[in-house]
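J.: can't give you the sequence, but here's the structure:
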């Protein structure tokens, strides 16, 4: 009598289960990547050893996913050694623009296993691209991993026998959704979404799937960086975060594009509220539905307060959320409007070498439109904001995306200038649209004919 093959592994987390389902549905490709620019003489062999060291520290980097016949989902299988890809490329013969294009193109590629690429740009300059599958880590976890590798290179990384491993975190997260001990947490989400009005808003906020693969494209929201100082000052005045303020602006834009009804927004809670997992690599971000009770008459300041309260409450109950609790008909519900933020300490210096994180990207769930707010902590203690709007190029043209980004910039400027104004009264038309509208309406011509108006029509 033959026996079925056995497999020793650990259950995947709810976040991994969601990412697995999204990937299996062919809706979108998921993953995370980061670019680190290096000034100084970088030893490639030493860098590679530091990545190996990180893999020994964090089991998730030595994890692969295996699914036997009859299993509905894979298991996490931890190996003794990490299987990851390493490559070196010499770009010294390319122009600076060509180098940048090659490096950032590498960062935009989805991978099946961890990959680290070293690009030599000149004698004293290099770029390193870290790429990760979505089931391994999210954007915040990748930032922590990159920093751990850089610190180790500088001789500052510490061995730790007390490191919390992702398989243990996954077990705790699964218990949050299954154990009777946490019925109160799960009941919170059921209570939140049992009303007819919220269910209708949720149904209208979901993306319809037409079978096409999501094609990620991005546009920079330049106005966020340009207004960084003003946003930070306003947030200090109102005792809120830049994320609260910019989410309120994003919600305002969503409301203005939704014929007056407030859409449900997917809020990418980081899942790192506890100190023990604050800097742990792994997939912990979970998009939870957030609905704000506001309309076009809501003042800007009040809107910011409502957005802050709604997301703080949702983040507190995030670990208990599951789409099955609120019952949308779609097998894999994906919200059209989403929001995520991250804090990045960009620079680490050592003797004769300087590491600088210049870009971090990550997709851990599906969406049609997403605003990503980045809080860059510069050397010297200053803080600067950045914003990027991700969209589905299969359903939106680049020009339309640029218009939408400019509309958001216009809303941000209006909210800063008139904090007591109703959000429905804020200006929304961006420069490109204004120029186009001006061209459409600029039809004035000199009247030189001696004919009467009705005779001109007859002539035509």
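T.: Arrived safely, thanks for sending. What you see is a predicted model; the values in this text were computed from it and never measured. Residues are numbered from 1 along each chain as shown.
J.: Averaged pLDDT, the longest helix along the chain. What do you get?
T.: Longest helix of the chain, by residue count under DSSP state H: helix 398-417. Mean per-residue pLDDT for helix 398-417: 95.
J.: Quick check: buried residues in that helix?
T.: Using 16 or more other CB atoms under 10 Å as the test for burial, helix 398-417 gives 401-416. Any C-beta I mention is one placed from the backbone N, CA and C, and that applies to glycine too.
J.: which of those residues sit farthest apart?
T.: 401 and 416 (23.1 Å; CB to CB).
J.: Run the chain-centre distance for the longest helix of the chain.
T.: Its chain's C-alpha centre and that of helix 398-417 lie 19 Å apart, by CA atoms, centre = their mean, to the nearest Å.
J.: For the nearest residue to residue 21 once chain neighbours are set aside, give me its contacts.
T.: Spatial nearest neighbour of residue 21, excluding adjacent residues (CB to CB, 6 or more residues apart in numbering): residue 332 at 5.5 Å. Neighbour list for residue 332: 21-22, 25, 27, 209, 366 [criterion: CB atoms under 8 Å, 6 or more residues apart in numbering].
J.: ok, back up a step: between the buried residues of helix 398-417, which is closest to residue 306?
T.: residue 415 (13.6 Å).
J.: Give me the nearest residue to the closest one, chain neighbours excluded.
T.: Closest to residue 415 by CB to CB, 6+ apart is residue 300, at 4.6 Å.
J.: Give me the neighbour count for that neighbour.
T.: The number of residues packed near residue 300 is 26, by other CB atoms under 10 Å.
J.: Just the strands from the stretch 51-200 of the chain, written as ranges.
T.: 63-66, 75-78, 85-90, 115-122, 125-133 (DSSP state E, counting those that start in this stretch).
J.: Quick one: the ones you listed as JSON lines, columns for mean neighbour count too.
T.: Below are the strands of the stretch 51-200 of the chain laid out as JSON lines (neighbours: other CB atoms under 10 Å):
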{"stretch": "strand 63-66", "mean neighbour count": "18"}
{"stretch": "strand 75-78", "mean neighbour count": "17"}
{"stretch": "strand 85-90", "mean neighbour count": "12"}
{"stretch": "strand 115-122", "mean neighbour count": "19"}
{"stretch": "strand 125-133", "mean neighbour count": "23"}
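J.: Tabulate the ones you listed in CSV, adding columns for mean pLDDT.
T.: Listed next are these as CSV, based on pLDDT from 0 to 100:
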stretch, mean pLDDT
strand 63-66, 93
strand 75-78, 94
strand 85-90, 96
strand 115-122, 96
strand 125-133, 96
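J.: Out of those strands, the one nearest residue 97 is which?
T.: strand 115-122 (11.9 Å).
J.: residues in contact with that closest one?
T.: By CB under 8 Å, 6+ apart, strand 115-122 touches 42, 44, 47-48, 51, 84-92, 99, 102-103, 106, 126-132.
J.: If we use 7 Å, what do you get?
T.: 44, 47, 51, 84-92, 99, 102-103, 106, 126-131 (CB atoms under 7 Å, 6 or more residues apart in numbering).
J.: How about stretch 187-195?
T.: Contacts for stretch 187-195 (CB under 7 Å, 6+ apart): 199, 202, 317, 320-321, 325-326.
J.: thinking again about what came up before, pretty sure residue 424 is one of the things the residue nearest to residue 415 touches, is it not?
T.: No: taking contacts as CB atoms under 7 Å, residue 300 lies outside contact range of residue 424: 10.5 Å.
J.: Which residue ranges of the stretch 301-450 of the chain form helices?
T.: Taking DSSP state H, counting those that start in this stretch, the helices of the stretch 301-450 of the chain run over residues 398-417, 431-441.
J.: Now do the longest one: which elements does it pack against?
T.: Packing contacts for helix 398-417, counted by 3 or more CB pairs under 7 Å, 6 or more residues apart in numbering; DSSP states H and E, involve strand 216-220, helix 222-226, helix 228-238, helix 242-256, strand 383-392, helix 431-441.
J.: What about residue 248, how many residues nearby?
T.: Residue 248, neighbours per other CB under 10 Å, totals 27.
J.: Now do it against residue 292, distance only.
T.: 8 Å (CB to CB, to the nearest Å).
J.: what do these two both touch?
T.: residue 307.
J.: chain center to stretch 237-256: distance?
T.: Distance, centroid of stretch 237-256 to centroid of chain: 16 Å (CA atoms, centre = their mean).
J.: Identify the residues contacting that stretch?
T.: With CB under 7 Å, 6+ apart, stretch 237-256 has contacts from 224, 231-232, 234-235, 262-263, 265, 292, 296, 301, 303-304, 307-308, 311, 337, 339, 341, 371, 373, 375, 385, 387, 407-408, 411-412, 415, 423, 426, 428.
J.: Tell me how the chain divides into domains.
T.: Recorded structural domains for the chain (assignment: automatic domain parsing) are 10-153, 183-345+361-441.
J.: Now tell me which of these the model trusts least on average.
T.: Among these, domain 183-345+361-441 scores lowest, at a mean of 89.
J.: picking that back up, out of the helices and strands packed on helix 398-417, which comes closest to residue 143?
T.: Using CB to CB, the helices and strands packed on helix 398-417 put strand 383-392 closest to residue 143, at 13.9 Å.
J.: Please identify the buried residues of stretch 278-286?
T.: 280-286.
J.: How are the helices of the stretch 151-300 of the chain distributed by residue range?
T.: 166-178, 183-192, 196-205, 222-226, 228-238, 242-256, 300-316.
J.: Distance to residue 352 for the domains of the chain - can I get that in CSV?
T.: Supplementary listing: these in CSV, determined by distance: least, CB to CB, whole Å:
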stretch, distance to residue 352
domain 10-153, 5
domain 183-345+361-441, 16
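J.: Residue 165 is nearest to which of the ones you listed?
T.: The nearest among the domains of the chain, by CB to CB, is domain 10-153 at 4.6 Å.
J.: what about that closest one, distance to the chain center?
T.: The mean C-alpha position of domain 10-153 is separated from the chain mean by 17 Å, CA atoms, centre = their mean.
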